[in-house]
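Novice: Dropping a prediction and its sequence here:
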Amino acid sequence: MAAYVLGNGVSRRDVSVERLLQLGAVYGCNAIYRDHAVTVLVATDQPMATEIEQSGYSRDHRFYTRRPRSEFGGLPVPQKYYGFSSGPIAAGLAARDGADQVYLIGFDMAPDPVGRFNNVYAGSVNYKPLGAAPTFTGNWVRQLTQIMQDHPDSRFIHVAGDTTADIAEFHRVRNHERMTMARFLRLINK
Amino acid sequence: MGRPLKIKESTTVDIGFNNVGSLTNPVYPETLTTSNYLGVVGGVRATATAGFPVVACIVNVDAGTGVEDGVILRQKGTTKYLVLGDSSGVTAVCNLVDDATPAIGEMCIQMATNSDSTLVNIRRLTNKFAVDYSNTRYVINFFSDEGSMIKSGTNGETNGLGQIEKFTST
């Protein structure tokens, strides 16, 4: 069973979320709920989680955050990954749900082409402005590496677009693969 | 232990600190708005609001319920706090530890530091500063983990901003 985990790096603009939803479970983060109802949504940032809860989305969809408010229907993130960021938690949930192939899409972990904040939602509510300094990625690399190692029976396929960093630490993990965006698009559009 | 953590007494007493917009010639990180302030306070959840939150902790108060969310009622020592379990309603003295699933009599306070939503555990906490388990010192607040503050008395040296985990409502 394949699962598609979507970060919000700009490389995921090349991918149709609707197509992925036809193929399997889609795990998304933060403001993706504004555009798509994904299978599982994760938001650890408190203002973002509050936005999602108050929108009513979490009452009708599977939504994880650190301190869900019971009246809004969210779920607590797994204790083991409590302090992790949203993207790594989403990848961990996909593996815990039994996915044997976990595609990581939009996990760019690098600045955008002009060296600034790389996020589809840059400049919108609860996000840094367009042109802001890029986010530190060291914790995401460490957390994703741990999640891959915690789930040796799942293959983690890092889909690489033009703005996706090649993470050296990932290459030391046995169950990690890197796939070009072009190849991934051919795969899902067969 | 020095001056203890300020505790919010009610929704009107010791609710926080002066916001940066009310200060004369303030120097503050551009990521804060004029209604934000530097520093954090403890206190019960009933007093927490979005503008004036209280520190959120993870505690194990030996109530038979294991690890739960909690709040700080009083600082008892450098790393020791009187805390209240949020769901159990039990009060106990707990020690800060580097573990988000603390054992009985222990607690954990966390903060975000890199604008990536990752939390780090806190070794020591005062009204305005926190030190993590790498012994890095942060200027703390409830609103932003981006930016930095010039260290007092230095020429250009800075501390990063730490955004403490918080409750904004009951």
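Specialist: Structure's in. What do you need?

Novice: The helix or strand of chain B with the lowest mean pLDDT: what's the following helix or strand?
Specialist: Least confident element among the helices and strands of chain B, by mean pLDDT, DSSP states H and E: strand B:148-150 (a mean of 85). The element immediately downstream of strand B:148-150 (helix or strand, assigned by DSSP states H and E) is strand B:158-164.

Novice: now for the next helix or strand after that next one, which elements pack on it?
Specialist: Downstream of strand B:158-164, the next assigned helix or strand under DSSP H and E is strand B:166-167. Packing partners of strand B:166-167 (3 or more CB pairs under 8 Å, 6 or more residues apart in numbering or on different chains; DSSP states H and E): strand B:54-55. C-beta here means a position set from N, CA and C on the backbone, and glycine is covered the same way.

Novice: Each with direction, which strands does the strand it packs on pair with?
Specialist: In the sheet, strand B:54-55 lines up against strand B:166-167 (antiparallel) (DSSP bridges).

Novice: that older thread, show me which parts of the least confident helix or strand of chain B are buried, residue by residue.
Specialist: residue B:149 (16 or more other CB atoms under 10 Å in any protein chain shown).

Novice: ok, residues contacting that strand?
Specialist: Contacting residues not belonging to strand B:148-150 are listed as B:27-29, B:38, B:139, B:156-161 [CB atoms under 8 Å, 6 or more residues apart in numbering or on different chains].

Novice: go on, stretch B:77-90?
Specialist: B:1, B:5, B:42, B:44-45, B:57, B:59, B:61-65, B:68-76, B:91-96, B:107, B:123-124.

Novice: And it, what's buried?
Specialist: Using 16+ other CB under 10 Å as the test for burial, stretch B:77-90 gives B:79-81, B:83-86, B:88, B:90.

Novice: about what we covered before: need the contacts of strand B:148-150 in TSV (columns: pLDDT).
Specialist: Output for the contacts of strand B:148-150, formatted as TSV (pLDDT from 0 to 100):
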residue	pLDDT
B:27	82
B:28	86
B:29	86
B:38	95
B:139	95
B:156	82
B:157	88
B:158	90
B:159	89
B:160	92
B:161	94
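
Novice: Just name the closest of the residues you listed to chain A, please.
Specialist: In terms of CB to the nearest CB, no member of the contacts of strand B:148-150 lies closer to chain A than residue B:160, at 10.2 Å.

Novice: Touching, that closest one and residue B:141? I think so.
Specialist: No - between residue B:160 and residue B:141 there is no contact under CB atoms under 8 Å: 11.4 Å.

Novice: between the two, who's got more neighbours?
Specialist: residue B:141 (29 against 16; other CB atoms under 10 Å in any protein chain shown).
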